[in-house]
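Novice: Sharing a model that was predicted from the sequence below.
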Amino acid sequence: MAKHGKKYLAAMAKVNPDQQYAPAEAVKLAKETAFTKFDATIEVHMRMGLDPRQADQQVRDVVVLPNGLGKTVRVLIFAQGDAATAARAAGADFVADDDESLGKIQAGMTDFDVSIATPDMMGKVGRLGRILGPRGLMPNPKAGTVVPPGDIAKAIQEAKAGRVEFRLDKTANIHVPIGKASFSEQKLFENFSAFMDAIKKARPSGAKGNFIRRITMAATMGPGIKIDPNLAQSMDVVE
């Protein structure tokens, strides 16, 4: 059994491991139990009542968190011509529009957090699958990262503002960051509310019975705080 430090044990003492907290209480506890010297990320982990092997039980969608993630998001755009010009004007950090820039990525350059492509570039982007795929950086229409040239500016704005992709993994879990420990309780609560609204809307057609089995919130390296799934699913989204 792993030995924990004094700070972790002190944080753990604030959490009742047998209790399922209301969302607002969980947010308060997550902030209180963030003990790292850096600004910890507040994360939500969900155990879903889905079978990842079934095509009609997949979950993959995006949510724009109203208060962002509290970090600088570096955006790469795969586009050419007018779309590449528009991407640069809209604040893209990198634009891959020729063989030289594509070659840099092929060689392993992945100093970006999100990549977005126009449909006409997907033939070339597909060749970068070995580099982008394992890092979760491959543009995908379902994730809203393959967009028409006219939507490039909006896609960049959303990515930098706090646009988060969530998906069901092979173990039937979903993991999502909802902000930083330095955020106010209100901002974290609003972000969690927006995420829960997106999760409910993303319920797949093949979902049966108990859609969300367990929800845990935690700061980076902090103890897990169980949230009552029924209370979380009955939240009203904060506009």
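Specialist: Cool, the structure landed.
Novice: drop to CA atoms for contacts and neighbour counts, all remaining ones
Specialist: Noted.
Novice: tell me the domain boundaries of this protein?
Specialist: 6-69+163-233, 75-160 (automatic domain parsing).
Novice: didn't residue 196 look like it was pressed against residue 234?
Specialist: No - assessed by CA atoms under 8 Å, residue 196 is found out of contact with residue 234, at 9.0 Å.
Novice: Between the two, which has more neighbouring residues?
Specialist: Using other CA atoms under 10 Å, the more surrounded residue of residue 196 and residue 234 is residue 196, with 19 against 12.
Novice: Check the gap between the more buried one and residue 228 for me.
Specialist: Distance, residue 196 to residue 228, using CA to CA, to the nearest Å: 12 Å.
Novice: What of residue 145?
Specialist: Counting by CA to CA, the gap between residue 145 and residue 228 amounts to 33 Å.
Novice: okay, and the helix or strand of this protein with the least pLDDT?
Specialist: Lowest by mean pLDDT, DSSP states H and E among the helices and strands of the chain is helix 6-12, with a mean of 84.
Novice: helices or strands next to that helix in the packing?
Specialist: The helices and strands touching helix 6-12, judged by 3 or more CA pairs under 8 Å, 6 or more residues apart in numbering; DSSP states H and E, number zero.
Novice: Who are the contact partners of the residue most central in space within the chain?
Specialist: Among the residues of the chain, the one closest to the centroid is residue 164, at 3.6 Å (CA atoms, centre = their mean). Counting by CA atoms under 8 Å, 6 or more residues apart in numbering, residue 164 makes contact with 62, 63, 64, 65, 176.
Novice: from those residues, which two are the most distant?
Specialist: Greatest spacing in these, by CA to CA: 64 and 176 (12.0 Å).
Novice: one step back: now the least confident helix or strand of the chain: buried residues?
Specialist: Within helix 6-12, the residues scored as buried using 16 or more other CA atoms under 10 Å are 8, 11, 12.
Novice: Could you do stretch 22-35 as well?
Specialist: For stretch 22-35, by 16+ other CA under 10 Å, it's 23, 24, 26, 27, 28, 29, 30, 31, 33, 34, 35.
Novice: For the first one, give me phi and psi.
Specialist: Going back to what we said before, that points to residue 23. When quoted as degrees, to the nearest 10, the phi and psi of residue 23 stand at phi -50, psi -40.
Novice: Who are the contact partners of it?
Specialist: If you count contacts by CA under 8 Å, 6+ apart, then residue 23 has 189, 227, 228, 231, 232 around it.
Novice: between the residues you listed, which is closest to residue 54?
Specialist: The closest of the contacts of residue 23, once distances to residue 54 are taken by CA to CA, is residue 232, at 25.6 Å.
Novice: tell me, how many neighbours does the closest one end up with?
Specialist: By other CA under 10 Å, neighbour count at residue 232 equals 19.
Novice: any idea how far residue 124 is from residue 141?
Specialist: Distance, residue 124 to residue 141, by CA to CA: 15 Å.
Novice: Longest helix in the protein, please.
Specialist: Counting by DSSP state H, the longest helix found in the chain is helix 185-201.
Novice: what helices or strands is the following helix or strand past that one leaning on?
Specialist: Next along the chain after helix 185-201, taking DSSP states H and E as the criterion, comes strand 212-219. Under the contact definition 3+ CA pairs under 8 Å, 6+ apart, strand 212-219 sits against helix 23-32, strand 41-48, strand 225-227, helix 229-233.
Novice: I appreciate the help and will end here.
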